[in-house]
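Q: pasting a predicted model and its sequence here:
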Amino acid sequence: MVIKEPDSVDVLSPEDPDALVHAEEELGESLWKVRLRLAWKAFKKNWALFMENKIGLLGLVIIVLFGLLALAYPVLRAVGPWQDDGIYDPVIGYDAPVQEFQIVATEAEVTDPTTQKDANTAQLWCFGAVPGDVCEIPLQPAPPSQGHILGTDPLGRDVATQLSFSTRSAFMLGLIAAVVTVGVATVVGSISAFYGGWVDNSLMRLADLVLLLPLIPILIVLSGLWAINLPLLGVLIGILSGFGGTAIVLKSQALSIKVKPFIDAARVSGGSNTHLILKHIIPNVLPLSFLFMMFTVTEAVSLEATLSFFGLLNVDMSWGIMLNTAQSQGYLRTGFEFWWLLIPAGLAVTLLAAGFFFVGRAMDEVINPRLRAR
């Protein structure tokens, strides 16, 4: 048997450091391409599963619509019809269309409330008016019109600009709360599962304690001690949620990863505990962490609306403040007569929270092997 040697063999000599560096760069680049290709393949597969879920698509459409509403505010304020700060500022704007009313002597003589006012009531706007006079009374809140597509609130401010301005705040709050929750819960769950022992007992007892404490009363107490703005509220929600049930669930996921053969292989090859946690445990826990991001946004939007409704947040305008303004002026129990004061803000809180919840449910079917479509 004759073995023919190749004519030339490329050998990297230790005396050729430039060639070694070049080879390492090529190897690193090829690994990067492989990882990117695998990640893209996994994304396409998961996206196909997500697209099959109608509830998830509905939630995604809702989130996109609210995203466009949030982006519309700076555009319309800069180059659109909302440029007038005196009218369309969501906090200090004022515009009350004037309507003429015929003054009659007593309330019993009022036959058409839209065109007539009794003399006593008219004194609030036209002091000294007598029966037979025509009084110009500002409509506030004003119903939807061409200049105010969602009308004005009891203080004469445009409801549409308030709704769009508050949407940006809701997205910012949800993003901060979701990122903090994922960061805290992933680290706590991974460390607890990896080390076990007293570390696990201490962190899990802390998680149990957070679960026992009611979230809204805690935030109410904290708002009495400090002036809480939206970024601080997002951090507080993220920390409390991250140390609660989310950390317990992610710890269970980390425990299932800890016993995998590749963890033992990495440990035998000399990987430190920090390396194992950062390079192997946490990356495999992150898909489940992203699922809980959606549910955290739902909780954050609802909590912000509740706290701002009670006047416990240091914010200029939000959906909760819009509802609080209607309630404080006595319009909360008027039914649908002044619907533009209640329905836009209330529906915005409900739909945005539902949108992220629907996306979370769809992601659960993609990530959870027991629910994944086969």
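A: Yep, that arrived. Numbering: from 1, shown residues only.

Q: now do the contacts for Ile257.
A: 193, 263, 280-281, 284-285 (C-beta atoms under 8 Å, 6 or more residues apart in numbering). All C-beta spots, glycine's among them, are computed from the backbone N, C-alpha and C.

Q: for burial, what's the neighbour tally of Met322?
A: Number of residues near Met322 (other C-beta atoms under 10 Å) recorded here: 27.

Q: mind checking pLDDT for it?
A: Looking at Met322, its pLDDT is 92.

Q: then Leu57?
A: The model's pLDDT for Leu57 equals 91.

Q: helices or strands up against the helix or strand hosting it?
A: If you go by DSSP states H and E, Leu57 is part of helix 54-79. Applying 3 or more C-beta pairs under 8 Å, 6 or more residues apart in numbering; DSSP states H and E, we find helix 54-79 packed against helix 17-51, helix 159-195, helix 343-367.

Q: recalculate using a threshold of 7 Å.
A: helix 159-195, helix 343-367 (3 or more C-beta pairs under 7 Å, 6 or more residues apart in numbering; DSSP states H and E).

Q: tell me how far the first one is from the chain's mean position?
A: Mean-position distance between helix 159-195 and its chain equals 7 Å (C-alpha atoms, centre = their mean, to the nearest Å).

Q: and that helix, which residues are buried?
A: Using 16 or more other C-beta atoms under 10 Å as the burial criterion, the residues of helix 159-195 that qualify are 159-171, 173-174, 176-178, 180-182, 184-194.

Q: with stretch 223-232 instead?
A: The neighbour-count check on stretch 223-232 (16+ other C-beta under 10 Å) flags 223, 228, 230, 232 as buried.

Q: let me know the closest of these to Phe290.
A: The closest of these to Phe290 turns out to be Leu230 (C-beta to C-beta; 22.4 Å).

Q: what score does that closest one have for pLDDT?
A: pLDDT for Leu230: 87.

Q: quick one: it and Phe171 touch, right?
A: No: in this structure, Leu230 is not within contact of Phe171 by C-beta atoms under 7 Å, at 10.4 Å.

Q: the nearest residue to Met317 once chain neighbours are set aside: which element?
A: For Met317, ignoring the flanking residues on the chain, the nearest one in space by C-beta to C-beta, 6 or more residues apart in numbering is Pro90 at 4.8 Å. Assigned by DSSP H and E, Pro90 falls within no helix or strand.

Q: how deep is Pro90 tucked in, by neighbour count?
A: 24.

Q: for it, what are its contacts?
A: Residues near Pro90 by C-beta atoms under 7 Å, 6 or more residues apart in numbering: 157, 161-162, 165, 317.

Q: got the contact list for Asp200?
A: Contacts for Asp200 (C-beta under 7 Å, 6+ apart) come out as Ser192.

Q: biggest strand in this structure by residues?
A: Longest strand in the chain, counting residues (DSSP state E): strand 98-104.

Q: which residues does it contact?
A: Judged by C-beta under 7 Å, 6+ apart, the contacts made with strand 98-104 from elsewhere in the structure are 110, 115-119, 122, 129-139.

Q: and if we set it to 10 Å?
A: Contact with strand 98-104 is made by 110-119, 121-123, 125-126, 129-139, 142, as judged by C-beta atoms under 10 Å, 6 or more residues apart in numbering.

Q: how about the contacts of Ile257 in CSV, adding secondary structure?
A: Putting those into CSV (DSSP: H, G, I helix; E, B strand; the rest coil) gives the following:
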residue, secondary structure
Ala193, helix
Ile263, helix
His280, helix
Ile281, helix
Asn284, helix
Val285, helix
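
Q: ranking those residues by neighbours, who comes first?
A: Val285 (26 neighbours).
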